[in-house]
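> Fold the following and give me the result.
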Amino acid sequence: MTVERGFLRRRSLFGMAAVLAGSAASALPGAASKTADAVPGDPAGRPTFNVRDYGAAGNGEAKDTAAIQKAIDACSHARGGIVYFPAGTYLTGTIRLKSNVTLYLHAGATIQGSKHIADYDLFGQICPASECYAQPRHLIYAKDAQNIGIVGQGKIDGAGRSFWRLLTKPEIEEVLLQRPEGGRVAQDWYRWLDRPAMMIELEECKNVRLEGIRLENSPFWTVHPLRCDSVFIDGITIDNPLYGNNLDGIDPDGCSNVMISNCNIYTCDDAICVKNSAWAGHDSAWRSRNITVTNCVVCTTCNALKIDEIDPDNSVENVTFSNCALYGDPHPKDTGSSPFWPELQDFRPMSGIHIDVPSLSGSISGVTVSNIVMEDIRNPIFMRLTRAGDAGPGTGGTIRDIMIDNVFAERQGLTCVIAGLPGRDIERISLSNVRATGVQRGTPAWAQREFIPESEGDYPEALMFGNLPSHGLYCRHVNGLRLRSVEYVLEESDMRPALMFDDVKNLDIDSFAAPAPPSGMPVMRLKQVRRAFIRGCSASPGTGTYLQVEGQDTEKISVMGNDLSEAGKPISLAEGVKSNAVFESGNRMP
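Residues are numbered from 1 along each chain as shown. Sure, this is the predicted structure:
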């Protein structure tokens with residue numbers, strides 16, 4: 001598959017193709033008989049098909065599905081153009097988008113999804129609501145289409161609230177038992193009924209553009225490009241409730257050459273999630289690659305920027321997230337309050353940056369994250385390998401070559417996690433210029449927690465390990481970890497070390513800063529660490545122990561060029577550590 005060079009080149013080719021298609025269509029008999037005035041902002045002057053000319057009432061009461069589809073079919077038959085929605089509310093079931101057709105929603109125009117599941121076409125086998133997340137039905141669907149778009153200043157409403165029900169008190173109590181430590185999330189208040197699946201489903205399409213539109217009240221994932229090439233999503237707004245189930249924002253799935261920019265996303269599940277799910281299949285031709293996300297504002301109660309659901313033997317590669325603002329909304333306009341458990345109103349997002357591989361052989365590599373600000377997000381950075389089924393040690397997917405730079409996280413509520421598996425390390429991870437302020441209020445019991453279950457087959461999420469024995473960063477089963485200019489500041493007193501490394505190889509720490517735990521616990525704990533270089537760090541006034549070294553397999557720890565003069569004990573070796581495990585030189589000591 002040939003990939004054209006450069007965004008400007010792709011845009012110019014797309015525009016030229018549209019002009020040529022429009023010129024050809026205007027020459028067809030009858031093509032001009034169903035046109036409206038030129039669509040505002042369309043410089044190509046493409047033929048325009050007004051849905052009202054095809055019988056759409058636009059009054060929000062009459063069902064306009066057939067009229068809208070007639071306009072799309074006529075536009076496609078004329079070799080392409082614009083299907084125009086003037087101001088009004090167009091009640092509809094499934095709309096099938098076709099090649100060379102762009103839907104243009106004028107300001108004041110709303111495509112209103114039906115509240116009745118039978119109004120949506122079926123694209124697979126029906127299954128009971130108790131056995132599946134959603135029915136294989138969609139509001140807007142395209143397959144094997146090229147040069148398609150949904151643009152304008154109007155909106156699409158998926159009628160999502162019609163397809164959920166409030167949980168009963170016993171059901172909520174069961175959910176709370178599943179997440180005993182800080183696991184209350186708003187999306188657990190409701191359960192789905194028979195509902196449509198992805199609101200906008202674009203399957204195996206090429207040259208896709210979503211621009212300017214507003215998407216609201218999705219019943220399931222909002223936008224799902226599946227096995228698509230050349231997808232451009234710019235300046236759209238997604239506004240879903242902060243409660244519900246599975247209300248992802250944008251999920252590129254097995255897609256190549258994707259640009260997501262200038263979007264405002266407000267939703268209860270993963271906001272932007274790059275994946276290679278089971279829907280994308282096992283064909284490596286559909287692996288997710290060459291994806292950029294930039295200049296977006298994101299609010300969620302789950303994960304803001306995420307890469308996960310990597311199908312076995314498939315991969316995600318060459319992904320960049322940049323220049324994004326992520327936040328939690330403590331006072332949403334629509335709380336969906338449960339009358340049984342008003343204290344459940346915890347709308348904090350789970351993770352800002354979430355990367356995981358849950359399969360036996362999937363992989364994530366070549367990811368850069370830069371210039372990200374976060375506010376009221378529980379866990380700023382979460383990376384996790386899990387192991388599916390009954391696979392033994394040494395098996396599992398891979399995460400490697402991840403660079404995270406220039407991140408500011410205010411009011412961090414959970415410890416950042418980078419956790420591989422026994423015998424399967426996460427590799428070559430770099431964190432630089434990271435500053436976080438913590439509000440966890442860690443207790444001495446948390447600090448003394450020694451056994452952290454591997455939870456190898458559990459669903460990967462920031463809440464999975466409970467309260468960890470470090471407040472800033474917890475790393476386990478990692479090979480090749482670099483920290484540069486990382487700083488943790490505490491808004492609330494925390495009794496735990498800032499950093500803990502367990503079974504980590506090739507650790508490099510330069511210019512780390514954190515306050516001293518008032519409990520006398522060390523600032524850093526190294527356990528079973530092989531080959532570490534710690535330099536350019538300073539102990540804060542009142543530090544008891546700065547560095548605690550543990551584990552009989554710990555070796556080749558170099559501590560050089562640090563200011564440890566404020567520490568009562570700069571370096572402490574636990575029982576069983578080899579006497580030559582630590583090399584110390586050029587440090588300023590008490």
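> Okay, strands next: where are they in the stretch 351-500 of the chain?
351-357, 363-375, 379-385, 398-412, 416-419, 426-438, 473-490, 499-510 (DSSP state E, counting those that start in this stretch).
> Please identify which of those strands is closest to Lys569.
Of all the strands of the stretch 351-500 of the chain, strand 499-510 sits nearest to Lys569, with 16.8 Å by CB to CB. To be clear about C-beta, it is placed using only N, CA and C from the backbone, and glycine gets the same treatment.
> partners of the closest one in the sheet?
With DSSP bridges as the criterion, the sheet partners recorded for strand 499-510 are strand 473-490 (parallel), strand 524-527 (parallel), strand 530-535 (parallel).
> buried set for stretch 562-570?
562, 564, 566-567, 569-570 (16 or more other CB atoms under 10 Å).
> Now the two most distant members of these.
Pairwise distances across the buried residues of stretch 562-570 peak at 13.7 Å for Asn562 and Lys569 (criterion: CB to CB).
> can you map out the strands along the stretch 201-350 of the chain?
206-211, 214-216, 223-226, 229-234, 237-239, 256-261, 264-267, 272-276, 288-294, 297-300, 303-310, 315-327.
> As TSV, the ones you listed with mean neighbour count would be great.
Compiled in TSV, the strands of the stretch 201-350 of the chain are given as follows (neighbours: other CB atoms under 10 Å):
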stretch	mean neighbour count
strand 206-211	20
strand 214-216	22
strand 223-226	25
strand 229-234	20
strand 237-239	20
strand 256-261	21
strand 264-267	23
strand 272-276	28
strand 288-294	20
strand 297-300	25
strand 303-310	26
strand 315-327	20
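> Kindly reformat these as JSON lines and extend each row with distance to Lys155.
Below are these laid out as JSON lines (distance: least, CB to CB, whole Å):
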{"stretch": "strand 206-211", "distance to Lys155": "12"}
{"stretch": "strand 214-216", "distance to Lys155": "4"}
{"stretch": "strand 223-226", "distance to Lys155": "14"}
{"stretch": "strand 229-234", "distance to Lys155": "16"}
{"stretch": "strand 237-239", "distance to Lys155": "8"}
{"stretch": "strand 256-261", "distance to Lys155": "19"}
{"stretch": "strand 264-267", "distance to Lys155": "13"}
{"stretch": "strand 272-276", "distance to Lys155": "20"}
{"stretch": "strand 288-294", "distance to Lys155": "22"}
{"stretch": "strand 297-300", "distance to Lys155": "18"}
{"stretch": "strand 303-310", "distance to Lys155": "23"}
{"stretch": "strand 315-327", "distance to Lys155": "23"}
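> and Glu450, which of the ones you listed is closest to it?
Between Glu450 and those, the tightest spacing by CB to CB is seen for strand 303-310, at 28.7 Å.
> List the strands paired with that closest one, with their directions.
Counting by DSSP bridges, strand 303-310 is paired with strand 272-276 (parallel), strand 351-357 (parallel).
> just for this protein, where's the confidence low?
1-44, 129-131, 177-183, 187-188, 280-285, 341-345, 388-396 (pLDDT under 70).
> so where do the helices sit in it?
Assigned by DSSP state H, the chain shows helices spanning 7-26, 65-77, 169-178, 444-447.
> Can you give the distance from the second one to the centre of its chain?
Right, helix 65-77. Counting by CA atoms, centre = their mean, to the nearest Å, helix 65-77 is centred 35 Å from the centre of its parent chain.
> so what secondary structure elements neighbour it?
Using 3 or more CB pairs under 8 Å, 6 or more residues apart in numbering; DSSP states H and E, the elements in contact with helix 65-77 are strand 48-50, strand 81-85, strand 88-92, strand 95-96, strand 101-105.
> switch the cut-off to 6 Å
The contact analysis (3 or more CB pairs under 6 Å, 6 or more residues apart in numbering; DSSP states H and E) places helix 65-77 against strand 48-50, strand 81-85, strand 101-105.
> got the CA positions of it in PDB?
Written as PDB, here are the backbone C-alpha positions of helix 65-77 (Å, rounded to 0.1, in the frame of the first residue of the first chain):
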ATOM      1  CA  THR A  65     -34.100   7.600   7.400                       C
ATOM      2  CA  ALA A  66     -35.400   6.700   3.900                       C
ATOM      3  CA  ALA A  67     -35.200  10.300   2.700                       C
ATOM      4  CA  ILE A  68     -31.600  10.800   3.900                       C
ATOM      5  CA  GLN A  69     -30.600   7.500   2.300                       C
ATOM      6  CA  LYS A  70     -32.200   8.500  -1.000                       C
ATOM      7  CA  ALA A  71     -30.100  11.700  -1.000                       C
ATOM      8  CA  ILE A  72     -26.900   9.700  -0.300                       C
ATOM      9  CA  ASP A  73     -27.700   7.200  -3.000                       C
ATOM     10  CA  ALA A  74     -28.400   9.900  -5.500                       C
ATOM     11  CA  CYS A  75     -25.200  11.700  -4.600                       C
ATOM     12  CA  SER A  76     -23.200   8.500  -5.000                       C
ATOM     13  CA  HIS A  77     -24.900   7.700  -8.300                       C
END
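> most packed of the helices and strands packed on helix 65-77?
Comparing the helices and strands packed on helix 65-77 by mean neighbour count (mean count of other CB atoms under 10 Å), strand 81-85 ranks first with a mean of 28.
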